[in-house]
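**Q** take this sequence and fold it.
(2 chains)
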Amino acid sequence: MNDSNPLVALALHFLAISIFAVGGANVVLPEIHRQVVDVAGWMSDVQFAQNYAIAQAAPGPNMLVVTLIGWHVAGVWGAIVATLAMTGPTCVIAYVVGGIWHRFRAARWRRVVQGALVPLTVGLIIASGLILAEGAARSYATAAYTAVTMVVLLLTRISPIWLMAGGAILGAAGLI
Amino acid sequence: MNKSPSPIEPLSPPPGLVQLFVGFLSVAVIAFGGVLPIARRALVERYRWITPDEFTELIGLAQFLPGPNIINLAIVVGGRFCGPAGSVVAFLGLVLVPGTGVVLASILFSHYADVQAVSDMLAGLAAAAAGLVLAMGVRMAEPIYRRPRVHTIAIAAAAFIAIAVLGLSLPVVMLTLGVISIALSWWVERRPR
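**A** Just a heads-up that it's a prediction; the model follows:
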């Protein structure tokens, strides 16, 4: 699929990927990374980690990294196409299923499927975290800050925004 | 944590299109690093459009469906009150302003990328963002290590290795492991306890 038109490539890529985002956008992050960095070569590893960080630091859903990738590849239309491709099909599914959800509330197949999805989602999200950490780690100190952030978030109820701010300040000061 | 069948606080009257847009916009612009907790506070406590129990149930639905959870939630909540137009409006409220903001932030950053302090700051942000995702993964693993079972641990480990170590393509991994995981989960469920 070596399409010359980047908009078509963006649309096809994110349409296909959105269907697999069961459990949230972070689940498909490694696949987006693989396509964007390794296959299409739209961004470097570092750019990917940094764009993800911008999407994460700014308010709003963190799937907005998709918008940024689209912007990076093809400007305003790229941003719009990538965002709509990532959300369009799943929004239609959500609308339809949302209407009939009550009927299946007690169904056993639903429990089975949900029980099956949990470990899959967990493995995929931790893989996402590792891939981002690899992209972000430019030194041992940066990698250590990733580890510190993870541990602090797990052990305390501090808002993640303070750890983002801490990373930005330490980074700007040249300490990590 | 009161789970009485009827809500103690009466719900507000159902929102219209403008209220839905403003409501989800107000959630999006203050949601740093995780929208769901903020959405709960807004929809259940501030606006009182839905009850706590309904919210929990809707989260379950949003996670079960493909796509970003918070967007699925907006689609279902908007659709419940105002049909398809409600879904569109809730979606736009959630995405329009933050999407524009994120692009502007990115332009700003790339414009000053040559300034060492700016790229250093971004490197620090990226390190923190990676830590956020790792922490979320570990936290979501709670049901697995709380009730350890061979098959759930094996599936989680296999998914991790397939993606992070082997670099396999996600559709292949998800379809293969998804089928195996559902089969195992079905087999475990049907065994008499």
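
**Q** from now on I want contacts and neighbour counts done on CA atoms only, so please keep to that.
**A** Fine.

**Q** centroid residue for chain A?
**A** Centroid-nearest residue in chain A: A:Asn26, 3.8 Å away (criterion: Cα atoms, centre = their mean).

**Q** quick check: closest non-adjacent residue to that one.
**A** Nearest residue to A:Asn26, sequence neighbours excluded (Cα to Cα, 6 or more residues apart in numbering or on different chains): A:Ile125, at 5.9 Å.

**Q** list the buried residues in the strand or helix carrying the one you found.
**A** Taking DSSP states H and E as the definition, one finds A:Ile125 inside helix A:108-136. Residues of helix A:108-136 classed as buried: A:111-136 (neighbour count, 16 or more other Cα atoms under 10 Å in any protein chain shown).

**Q** likewise stretch B:152-159?
**A** B:152-153, B:155-159.

**Q** contacts only, for the residue nearest to the centre of chain A.
**A** A:63, A:124-125, A:128, B:133 (Cα atoms under 8 Å, 6 or more residues apart in numbering or on different chains).

**Q** and it, which of the three is it?
**A** A:Asn26 falls in the helix class when you classify it by DSSP: H, G, I helix; E, B strand; the rest coil.

**Q** ok, the host helix or strand of B:Ala156 near chain A or not?
**A** Using DSSP H and E, B:Ala156 sits in helix B:150-160. Yes: counting by Cα under 8 Å from any Cα of the partner chain, chain A has neighbours in helix B:150-160: B:152-153, B:155-160.

**Q** stretch B:94-106 too?
**A** Yes: Stretch B:94-106 is in contact with chain A by Cα under 8 Å from any Cα, via B:94-95, B:98-99, B:101-103, B:105-106.

**Q** neighbours of residue 141, how many?
**A** Defaulting to chain A. 15 (other Cα atoms under 10 Å in any protein chain shown).

**Q** wrong one, I was asking about chain B
**A** Quick note: B:Ala141 (other Cα under 10 Å) scores 21 neighbours.

**Q** need the phi and psi values for it.
**A** Backbone dihedrals for B:Ala141, given as degrees, to the nearest 10, come out at phi -80, psi 0.

**Q** distance of it from B:Pro148?
**A** 10 Å (Cα to Cα, to the nearest Å).

**Q** residue ranges of the helices in chain B, please?
**A** B:17-30, B:36-40, B:52-64, B:69-111, B:116-140, B:142-146, B:150-160, B:170-190 (DSSP state H).

**Q** ignore what I typed, I meant chain A.
**A** A:6-18, A:29-33, A:45-57, A:65-100, A:108-136, A:140-155, A:160-172.

**Q** I'd like to know how far B:Ala127 sits from A:Leu68.
**A** 18 Å.

**Q** what about those two, which has more around it?
**A** Between B:Ala127 and A:Leu68, B:Ala127 has the larger neighbour count (other Cα under 10 Å), namely 36 against 31.

**Q** spell out which residues make up each domain of chain A.
**A** Per automatic domain parsing, the structural domains of chain A span A:6-136, A:138-176.

**Q** in the shortest one, what counts as buried?
**A** Using 16+ other Cα under 10 Å as the burial criterion, the residues of domain A:138-176 that qualify are A:142-154, A:160-161, A:163-172, A:176.

**Q** could you dump the residues of helix B:150-160 next to chain A to TSV with pLDDT?
**A** What follows is the residues of helix B:150-160 next to chain A, written out as TSV (pLDDT from 0 to 100):
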residue	pLDDT
B:Thr152	91
B:Ile153	94
B:Ile155	94
B:Ala156	93
B:Ala157	96
B:Ala158	96
B:Ala159	93
B:Phe160	94
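
**Q** I'd like these as JSON lines, with distance to B:Gly78 appended.
**A** Output for the residues of helix B:150-160 next to chain A, formatted as JSON lines (distance: Cα to Cα, whole Å):
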{"residue": "B:Thr152", "distance to B:Gly78": "35"}
{"residue": "B:Ile153", "distance to B:Gly78": "37"}
{"residue": "B:Ile155", "distance to B:Gly78": "35"}
{"residue": "B:Ala156", "distance to B:Gly78": "34"}
{"residue": "B:Ala157", "distance to B:Gly78": "37"}
{"residue": "B:Ala158", "distance to B:Gly78": "37"}
{"residue": "B:Ala159", "distance to B:Gly78": "34"}
{"residue": "B:Phe160", "distance to B:Gly78": "35"}
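
**Q** now, which of those residues sits nearest A:Phe48?
**A** Distances from A:Phe48 to the residues of helix B:150-160 next to chain A, taken as Cα to Cα, are shortest for B:Phe160 (19.9 Å).

**Q** now the residue nearest to that closest one when sequence neighbours are not counted: how far from B:Ile153?
**A** Excluding the flanking residues, the one nearest B:Phe160 by Cα to Cα, 6+ apart is A:Gly123, at 4.4 Å. According to Cα to Cα, A:Gly123 and B:Ile153 sit 9 Å apart.

**Q** that older thread, relative to helix B:170-190, how tilted is the helix holding B:Ala156?
**A** Using axes from the mean of the first three to the mean of the last three Cα atoms, to 10 degrees, one finds that helix B:150-160 and helix B:170-190 are set 180 degrees apart in direction.
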